[in-house]
Structures are given as C-alpha cells and as structure tokens.
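Asker: structural data only, the sequence is not supplied:
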C-alpha cells in the first residue's frame, strides 16, 4: 500500500485490522471499515471501470450510493457473484474479489475503447436508427449488440444465500441518520413515539460526523464532536430502534415503505454462512420523517469524466472519514462555497491545492476569504474548457467566462493536477418523497426541486428539504418538528450555532468550451454515457417531453437512476427549449431507490415455498402408486399412473379402456364443494343456474350451468338436494373460490333479502368416484348395507350411508358416461376408504385413473370442460346445450344477455365434434380450423379445444369451436399444420353411447 | 398499499381486500323488459372517474363482506367506507 495516501488516523477505520482483497485478480490491502472505493484509492487506483457505450476509462466519482462509474462484479464465477455492486458502498472483507465490468481484455486496455473514437458515429438513438433496417435483420444484429452491452454478468447458479421479510409497525419512521435524522429520532422517541431510525451507511452521522471545521460549530465544539455525543446518548432512549446498513427502497402510499437491511454483505465469506444475508423490511409507519440529505452535483464541462475527477464532497469524505487522500496535486472546480470546505480541510492536512476554479465572480464570504488568506490560488469567473489524461486526469485547461456565462474569452491557462474535485451545488434527495406521491416545487434561487405538498402524514427536514446551512437546518428543525409531532419543546432550541451562509450563487447547467459543442464530451449521465450533445440532439429531432428525452438518450436510466446528472439534463433541456424548470417538471422517480437483489424481493418464497400447493387426502397413495401429477390451480392432481415402461399415451389408453370395460376409480376431492342452506336456497339456485331447481326432489342431483351476467358460461357442476333447505353444490376444481365469491357477491349486494348461507366445504370431504360396469358390485362390497338397486338408487340421486360407522354421502352421478358412484367422506378417512375400494375392486380389475383419462372419457361423451372447451366467449347456445337453459324462468344470471343482438348471431363460434379422415391422426389442441386453404389470408373458422385417441372407439376424436358449426354437420374442413394439411369432418360431439345405455348397464 | 377500514373488522392491509368496480349500479329488477341498449348500459358502461369515485370492495381474506368505499383515484385517499345498502355519507 502506498503509505503516503493514508493521511491521518480516522475514527471510522480500524488501522489495526488489515483486510486483504482482490481487484481484477491482484491482491491489495485495506483496513476494516474501508469501502472497496476507499481501499482502492488508498492503493492509488482510480481507473476502475470502462463506460457503458464508449468504453472510456472511468474512476471512482463519489463516496455513496449515487456512484455512477465505480460499479464492479464481486465474487465472479461463484454462486455468490453479484454484478453492479457500487464500490463506494461495499465494505471490504477478507477474501472479497471484485472485478471491473464492461471491458475486455482488461480495464487498462479495452478493445471496446474503439467506440470512443467512433463516437461521432454513435449519437443518441443510434441503435434505433441503424439496426431497425431492414426490420427482419434485428434478430441478427441483436446477438452482437447484446453481447457488447450490458452491465456485468448475471449469476448462473442458484443463489445460496438466505433472505427474509419482516413486518414492522412504528409510530414514527426516520429515514436518514444525519444530523437532522438523529435530532428527529431523539425528539420523537423522547416524546413517547415508538421510533425507527434507518440509515444506509454502516455508521450514523451523515456528513456532519466528520465535519471538523471552524465554520460549522455547535455550542463552541466542532459539529462532529457535538453529534458524536448526541449519537452516544441514543442508546439509552427507550422506544428507539436503530438500523444501519439499511436502505429505504420504496415509499408507497399510506406510509408503507420497503427497506433492505444488509446483514452480512460486509462479513468475510466464512462468517456469512448460514446467516440471513438481507432482510426486506415492510414498514407501516404512522408518521414519516424524511431526512434523506442531498447529493452533490457534478459540473457539466468538456471531458468531465476522467478517472481522478471526483465530487468535491467525496474527496472530503475520503480524507476526513476514511483517512485517504485522492490526489497529491488537487484542483477544485466549483460554483458554490462547499468546495472551499474541502479545500481548507485538505490544506489543513498538508495536502496540496493547486487552484480553486470558481465560475462565480469574486465572493466575499467568510469561507472564501479564508481560503484566499491561507494562500490558495483562486480563479474567479473561470471555467474548465477541457481536461487531459487518459487513465487519470493530468491537466485542466481553463478560460475566462463571458459575462453571460455562455462562452469563454481570453487565453487558455493550463494547470497540472492528479485529482479534480467538482461541485455544482446540491440536489435534495427527494426521491422517496416523490415516490410517496408528493409534489415538488422549483426553487429558482438554489436551482433545486423541494417538497411542496405532502400526500400523507410525513415531513422532509434538513438538506432534502433544501436547507443547506447548519443554522437554517436547526432553526427550521425546531419549528417544523414541533408542529409535526404536536409537541411544545425540543431539546435543540438553545443551541449556539456558528455556520457560514452562502452569499453568492451562480449556476450554469452546461459550461461553455472554446470548442463547438459537437466536438465536446460533456457527460451528463456518466453510467449511460449520455452527453449534453445527445440531449440537444434529441431536442433538435423533435422530442419535447422530458420522459421522451430520457428514454431516447437513456439519460438517468442506469442503475444509479441518474442521481448525479438528472438535474443537469433538465437544466439543459430548459435552457435549450426555453421552457422554465418549474414547468418542465422532473421524470418520475420510481422504486427502488438503490437496486435490490432478487433474493431480497423473493425472501423465503423459494423452492417448495415458491407457491403453496394443495394435496388431496389420498395424495400419498397416488405417490406410492407411481402417479404423475398435474397442477390444477394450486392442486396437485394425479394425472395418470404409468406402469413400468408405459408412456403417458399407453397409460391413458389402458386406464380409459379399463374404466369402460371393468371399473375405474378417480380421486375427485379437488372439485369445489359449497354447502348451501337457508329457506330461500332453492330460489337462490334458480337465480344462479340456467335451469330450474324448485322441483328437484330431496335426495336428487342435478347438473347446472352457471353464466356470467354477459351470458357466457362461467362454471358447471352437479348440485344435490340433501334436504328441504339444504344443498351441496360442486364446482370445477379451478373455479371453486371464484364461484363462491360470485355467489356471495350476489347474495350480499343484489339479493340481501334471500335467506341463504354459503360455506366452502371443499377441504372437508374426500371424494372417490368409482365408475364402470362393475362399479355397483364394488360399492356394494364397501357399503353392504346400501341398497344400490336402480329402482331404489337411480342415476342422479343421493343416499346417506356409513362406512365403518363413519357417515358418508354417496351420489350416483357420472362424468364418464359409465354407471358411477361418488363417495364423499370426511377428509381424514379419504385414504382408508380409497384403499377399501381398491381392495374390493381387485377381483374386477379396478384401475385408478387420473385427470387425463377423465378428460378422454368425458370427451367420448361430448361433455364439456369449462375453461378448456369454453373461454368466456361461449354461451350455452354456442355449446349446443340449449336443453339446459330454462325458457320458463323469468330471470337468472346472464339470461338477458342470451338474446342480445350479438349473442343470437348464427355465425358465432359453436362447439362441435371433429373427426379426422384418417382415424389414427390425433389433432393438436389449439390447431386452427379452416374451410379454404387456398384463399389468402386464410380465414380461421375456429380451433380444436379437446383432442384424444379414443381406445374405446379405436379412433381419433376431437371437440372444437367453429363459426356457424351447428349447421355444418358432415362438412369437410381442414386443419393446416406446419408440414401438412389434415382433412377433418364436423361431427356430433357425442361420440359414444348417445342413448346413455351405459349409465344403467 | 392502502389501509382500509373495513366496516365490520376495522383497519386492515389492502392485501386482504379485493376491489369490485363501481358502486351503486343496481342490477335491473326486470332485465327481460330492457332493450339491448339499456341492458348494455348496465352490463358494460362504467365511469372510471379521475377524482372522487364510489367503489365496491370485499374483505376477501377476512370477513368476506362486501362494502362500499369513497376513494379519490388521483391520490388514493379514502374518504369514507360504508356498508352495503347504506347511503353514501358523502355526495
């Protein structure tokens, strides 16, 4: 480590603990407490990255989360790798490996740097303009463009880290632990508010904590010393929780905020293990105090992006906080007083200041006079017109500014340097405030947007509210916080403050050069390589809205979201177009304030916890019997049960045949079940189903079709009348929750006079469906007491029964067209009754079948599946189910829509059967149906909704919707596929047993 | 994310609720008497107001009760919640 770059001992760096880390493959040392940036600077390294578009050498520019340039990939090639990590934020630890992004073969010699020479050919919108022609070539260009673009590399391995989410409720949330935030948190907690204080840095104190200046004193002590004591007092305050390394990412309405708490990112790899890496805090605060501070602005001048060009405040932080010197030959370039603070602080440490270049005329403030007195050379009314030095700044060229600040005059002066501090004033960090819905106003004096209208119970204090000197901050604090918290007194009212106030302000958004703008590179967005020239080009090309200019030039669209340069972009647009800043407004600030890892967002919802899944009571049996599962909503349903060596097709063919030839058994527990009770239950069913229910006898079942008010089929299922005022309704598996919701809606809002109560009992019952010619014999064995004769227990009826003294309900209903019994029993007995049925059925070759076979069997019968054969555009008439629509009933949900001019059209898509000319040819579901393949463009008549090879009919069958299909029986149509055209014919959708003989076989 | 004061349960997170569109659109008592246009008016036409809007909400992951809400769609401020069948407390 070049020793003379460490200049003084610091309270924040532990110089007794040496930390070794790697940067671009080389090992370096820093101290505990260093960020990667401070450690690199201490090692004399400034060139850390190449820029995104032109691959220009770039250095560390800031000391905080606003850093645009120094973003690195850490721990590359491991599962822990992370791209776009800000070197200014990541704390070094033993074993940290970081590397530069955007360069090949390395950061010092980068082939992509050719783009810088080609840059006149790469203006804003270059990719849009060039590669869009011819349109079909984009696919070919894209590969190369994507390869040369991009920031860093995504991890390719699963994230090994743990993350979690935590809810926090508090009375007062204070965002930012600088001087304002600390005073606010203390005042709030002392007044009995449960208070949470968050700060993104490892230590509290903001910039004040290293402010040891004669010009910033509180009660005759350095403000840093005063604040240190205040911070030490916080520990003893009840009601106050403090979280550091915690960055607020989002501020939503109703004071709901998201923050990321970093728990292990600063720890060595071996200490990270098995700990929570990051925690997403979901905070609901009654009141929010934003003390988010401000971000120093750069100045926009020609070649303002070289390594060694650093924000003036960052230079100060590196020396005062980290004890690291950025350069030995320093120049400061400014339009305000704060660079003088840096200059004086460096001077006091014996670091050479070659010059201060100030665009203002001579200023007579206390601090500028002091700088002059100690012998710093000050160039007033000067600007930098160019810089030189490829991998590190070497020299600046300055010229006198004209009176109006729009051009330069006189002769060029060149001054050597190895570090240039720049300060263009301060931008209040209003990001979170605007995210919450707050409205900004523009302050013409300071050229800043500051909060004006608060959308919730919140307040902005300190420099994020446009208060920049200590005196104003404390004075306003006392006033505003008392109002906000409803208190009479704070403990900060009698402080004696010494601070300087800026007396002369001057702002030029784009500083002139002796060269024409076309020959200059004044960077506005350092990360996305957008220059003032690009913004002006966008305006010339007709872009007016700030949102459009942003997207066209990509200004402010990097991972730093333009924290440094957005104000300048606005200023340049305002100057060029003549629209006032206040009228121009800002682009929208969106969460997150700083990037979040996916892990933090996802938390514990990974792997098997990604989504909940529901299992039936017989699930384990299906698993034991080799079932493949299908996801139906959140349910895992047995799909088919392949035997050894069987394909899915083989298994389904075998199951389907067995169900019709012998016996099949299906787990139907997932069907929605709604218990309906009340004296108006029958009337209610009359209103929600298309058919009539009043006359359904107790103990009978009926199939019902439910429509939406627009007449389209919504759900179907069998409902059984258990008693006079008691029904059980079954719904489709996927529709269970929404059907219940819809029924509740009507009951509560349209028909509150009806005496009806609904309860979901889906999970309470296991449902076992036994079907096939032998089903009666099997059920007889399982429930010997039950009279199963056709006279006593006909199709579409129900009986109460008992199995081993456990009550159950048996319905004789069929979705396969076979004689079939459905046993509903308390869920926890589901598996044992299922096994009982299997034992009883052994002699009849009972075959368990899954959803695929169920679908095939019902298709043979032409029964629809809502959601597969229907898609919310089909009425019962379209489905050729006119028989289920009551003509007599005065009203039911959707009735009126069945004779709207649109729904009575003859050429609507209607459900029909489709058979192929070649009986072995099985159609693809979703395949398009056409009448004429030669006419271009080919007119699509409809599509296939269900398609199977039927083992019982030994031919291919399909259902499909076809325009006007109802009147096309026997018509020949075509299904064009990628490499052939399949001849088909419209058929009756009932393929098997049209007379329903098998129901009583 | 709002905090909604369910008239039956009190203040709860928005994630427990579901919005149900514009409020105070009564289902016609005699739909069969309506012309296509009148029926379409009921079925499809909604105001989608920028400003104060009367809306239906349901506490779907709570008491499952429907209720009405007066919300300013420009800033999401909730001005009132009231039970189904009650008159809006605000004009």
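Answerer: Now that the structure is in, tell me what you want to look at. Bear in mind that the values here come from a model prediction, so they are computed numbers and not experimental data.

Asker: make it CA atoms for all contacts and neighbour counts henceforth
Answerer: OK.

Asker: residue closest to the middle of chain A?
Answerer: The residue lying closest to the centre of chain A (C-alpha atoms, centre = their mean) is residue A:601, at 7.5 Å.

Asker: which residues touch the closest residue to that residue other than its chain neighbours?
Answerer: Distance criterion C-alpha to C-alpha, 6 or more residues apart in numbering or on different chains; nearest residue to residue A:601, sequence neighbours excluded, is residue A:280 at 6.9 Å. By C-alpha atoms under 8 Å, 6 or more residues apart in numbering or on different chains, the contact set of residue A:280 is A:163, A:164, A:165, A:166, A:258, A:259, A:260, A:261, A:600, A:601, A:603.

Asker: how far away is the fifth one from chain B?
Answerer: Taking C-alpha to the nearest C-alpha, to the nearest Å as the measure, residue A:258 and chain B are separated by 11 Å.

Asker: tell me the contacts of residue A:151?
Answerer: A:52, A:83, A:84, A:101, A:102 are the contacts of residue A:151 under C-alpha under 8 Å, 6+ apart.

Asker: follow-up on the earlier one: in strands, which of the contacts of residue A:280 fall?
Answerer: A:163, A:164, A:165, A:166, A:258, A:259, A:260, A:261 (DSSP state E).

Asker: what's the neighbour count on the third one?
Answerer: I take that to be residue A:165. 20 (other C-alpha atoms under 10 Å in any protein chain shown).

Asker: how much space between it and chain B?
Answerer: 16 Å.

Asker: per-residue pLDDT of that residue, please?
Answerer: For residue A:165, the model assigns a pLDDT of 97.

Asker: which ones are touching it?
Answerer: With C-alpha under 8 Å, 6+ apart, residue A:165 has these contacts: A:279, A:280, A:281, A:282, A:600, A:603, A:604.

Asker: mind redoing it with 7 Å?
Answerer: A:279, A:280, A:281, A:603 (C-alpha atoms under 7 Å, 6 or more residues apart in numbering or on different chains).

Asker: and for residue A:831?
Answerer: A:617, A:618.

Asker: can you give me the buried ones in whatever helix or strand it lives in?
Answerer: Assigned by DSSP states H and E, residue A:831 belongs to helix A:830-841. Residues of helix A:830-841 classed as buried by neighbour count (16 or more other C-alpha atoms under 10 Å in any protein chain shown): A:830, A:831, A:833, A:834, A:836, A:837, A:838, A:839, A:840, A:841.

Asker: and the residue sitting nearest the centre point of chain B, its phi and psi?
Answerer: The centroid of chain B falls nearest to residue B:56 when counting by C-alpha atoms, centre = their mean (1.7 Å). With angles defined as degrees, to the nearest 10, residue B:56 sits at phi -100, psi 140.

Asker: what's across from residue A:222 in the sheet?
Answerer: When assigned by DSSP bridges, residue A:222 has beta-bridge partners residue A:217.

Asker: give me the neighbour count for it.
Answerer: Residue A:222: 20 neighbours (other C-alpha under 10 Å).

Asker: right, and it touches residue A:210 too?
Answerer: No: taking C-alpha atoms under 7 Å as the definition, residue A:222 is not a contact partner of residue A:210, at 9.3 Å.

Asker: and residue A:160, helix, strand or coil?
Answerer: coil (DSSP: H, G, I helix; E, B strand; the rest coil).

Asker: who's in contact with it?
Answerer: A:79, A:80.

Asker: from residue A:607, how far off is it?
Answerer: 12 Å (C-alpha to C-alpha, to the nearest Å).

Asker: and if you look at residue A:944?
Answerer: Following C-alpha to C-alpha, the distance that separates residue A:944 from residue A:607 is 35 Å.

Asker: can you give me the strands in chain B?
Answerer: B:3-6, B:10-13, B:18-22, B:52-58, B:66-72, B:77-83.

Asker: could you export those strands as TSV, including distance to chain A?
Answerer: Shown next, in TSV, are the strands of chain B (distance: least, C-alpha to the nearest C-alpha, whole Å):
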stretch	distance to chain A
strand B:3-6	7
strand B:10-13	10
strand B:18-22	9
strand B:52-58	9
strand B:66-72	7
strand B:77-83	9
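
Asker: as a markdown table, these with mean pLDDT and distance to residue A:651 would be great.
Answerer: Below are the strands of chain B laid out as a markdown table (pLDDT from 0 to 100; distance: least, C-alpha to C-alpha, whole Å):
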| stretch | mean pLDDT | distance to residue A:651 |
| --- | --- | --- |
| strand B:3-6 | 97 | 52 |
| strand B:10-13 | 96 | 48 |
| strand B:18-22 | 96 | 43 |
| strand B:52-58 | 97 | 45 |
| strand B:66-72 | 97 | 47 |
| strand B:77-83 | 96 | 55 |
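
Asker: please tabulate the ones you listed in a markdown table and include distance to residue A:37 as additional columns.
Answerer: Listed next are the strands of chain B as a markdown table, based on distance: least, C-alpha to C-alpha, whole Å:
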| stretch | distance to residue A:37 |
| --- | --- |
| strand B:3-6 | 42 |
| strand B:10-13 | 42 |
| strand B:18-22 | 48 |
| strand B:52-58 | 51 |
| strand B:66-72 | 47 |
| strand B:77-83 | 44 |
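
Asker: who in chain A is up against chain B?
Answerer: Residues of chain A lying close to chain B by C-alpha under 7 Å from any C-alpha of the partner chain are A:252, A:253, A:254, A:256, A:745, A:748, A:749, A:750, A:896, A:900.

Asker: many thanks, have a good one.
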